[in-house]
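S.K.: sequence-free structure coming up:
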């Protein structure tokens with residue numbers, strides 16, 4: 001029996017139907033050629049908080065912007081001191097049931113591609129191949145001078161050596177790997193520069209707020225959407241245009257958009273259905289129904 005949809009009022013007064021039933025999602029995914037677009041909500045069950053949920057970090061935390069990072073050595077010092085601690089939580093995180101479900105759907109041929117707004121690498125850790133990391137990944141570092149990329153583990157070892165007595169209690173870890181620490185602890189942190197060009201500024205290979213996603217990456221995502229039969233959005237509020245544009249592209253080309261997210265999203269008006277469910281249990285049920 002189908003669950004009767006309820007109505008959700010958006011902040012602008014618009015009304016969109018939501019449901020807890022996976023019937024429509026399962027029916028579309030069963031036909032295959034579905035592209036997944038995932039957001040921070042997919043990783044909350046791995047212990048990584050989201051940005052905009054009920055306890056989202058944007059309620060208490062302003063992420064580092066690209067301009068603040070490149071313009072100020074103090075901004076970089078603050079970022080790397082906090083990220084040095086926060087990275088440990090991200091690196092220890094394990095894929096949850098939702099990540100494993102996406103991997104099984106991909107292996108079974110229902111999902112043709114995965115685009116993620118997350119920077120935690122958990123899709124790959126769950127075994128999903130060829131993930132497009134829209135906003136980059138925290139496990140890589142790039143030099144803004146020579147453009148060399150290197151492993152985050154390599155930088156972590158160098159920062160530990162440069163700050164042997166660094167100790168700070170993190171009160172919160174954010175989705176971008178930024179930890180909340182005291183201003184005094186951050187001010188005492190010693191930076192290191194690029195080992196290849198001897199002086200270049202190191203930045204995590206992620207897209208900061210105020211920075212553009214590389215055009216070739218955007219085009220790759222558009223290509224996946226254009227070749228797909230449908231788009232399945234998992235755990236994203238679609239508040240920023242970097243993800244919403246792909247929802248719009250799918251809708252404009254007549255492809256069904258399916259959203260599984262506990263709260264309203266900016267893309268609800270384009271969706272054939274929005275399922276208001278916790279992602280791990282919902283996706284586990286979906287794989288069981290499809291035999292994946």
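M.R.: Thanks, I have it. These numbers come from a predicted model, not from an experiment.

S.K.: residue contacts, residue 106?
M.R.: By C-beta atoms under 8 Å, 6 or more residues apart in numbering, residue 106 lies in contact with 114, 128-129. Placement of C-beta: from N, CA and C, glycine included.

S.K.: narrow those residues to those that are buried.
M.R.: Those of the contacts of residue 106 that meet the buried threshold are 114, 128, by 16 or more other C-beta atoms under 10 Å.

S.K.: mind jotting down where the helices sit in the chain?
M.R.: Using DSSP state H, the helices of the chain run over 23-29, 66-71, 73-92, 97-107, 122-125, 152-162, 183-187, 215-227, 241-252, 279-290.

S.K.: return the member of the ones you listed having the minimum mean pLDDT.
M.R.: For the helices of the chain, the weakest mean pLDDT is recorded on helix 183-187, namely a mean of 86.

S.K.: wait, residue 83 sits on residue 181?
M.R.: No - in this structure, residue 83 is not within contact of residue 181 by C-beta atoms under 8 Å, at 10.2 Å.

S.K.: what's the spacing between residue 130 and residue 112?
M.R.: Separation of residue 130 from residue 112 (C-beta to C-beta, to the nearest Å) stands at 10 Å.

S.K.: who has more neighbours, the two?
M.R.: Set residue 130 next to residue 112 and count neighbours by other C-beta atoms under 10 Å: residue 112 wins out with 18 against 11.

S.K.: show me what contacts the more buried one?
M.R.: Applying C-beta under 8 Å, 6+ apart to residue 112 gives the contacts 32-35, 224, 227-228.

S.K.: just the buried residues from the residues you listed, in PyMOL please.
M.R.: Listed next is the PyMOL selection for buried residues among those, using 16+ other C-beta under 10 Å:
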select buried, resi 32+33+34+35+224+228
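
S.K.: for the contacts of residue 112, could you give me CSV that also reports distance to residue 254?
M.R.: Shown next, in CSV, are the contacts of residue 112 (distance: C-beta to C-beta, whole Å):
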residue, distance to residue 254
32, 17
33, 14
34, 15
35, 15
224, 16
227, 14
228, 12
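
S.K.: buried ones in stretch 96-107?
M.R.: Buried residues in stretch 96-107 (16+ other C-beta under 10 Å): 96-106.

S.K.: could I get the residues you listed as CSV with distance to residue 199?
M.R.: Shown next, in CSV, are the buried residues of stretch 96-107 (distance: C-beta to C-beta, whole Å):
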residue, distance to residue 199
96, 41
97, 45
98, 42
99, 39
100, 43
101, 46
102, 41
103, 41
104, 47
105, 46
106, 42
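
S.K.: pull the most distant pair out of these.
M.R.: Greatest spacing in the buried residues of stretch 96-107, by C-beta to C-beta: 96 and 106 (15.9 Å).
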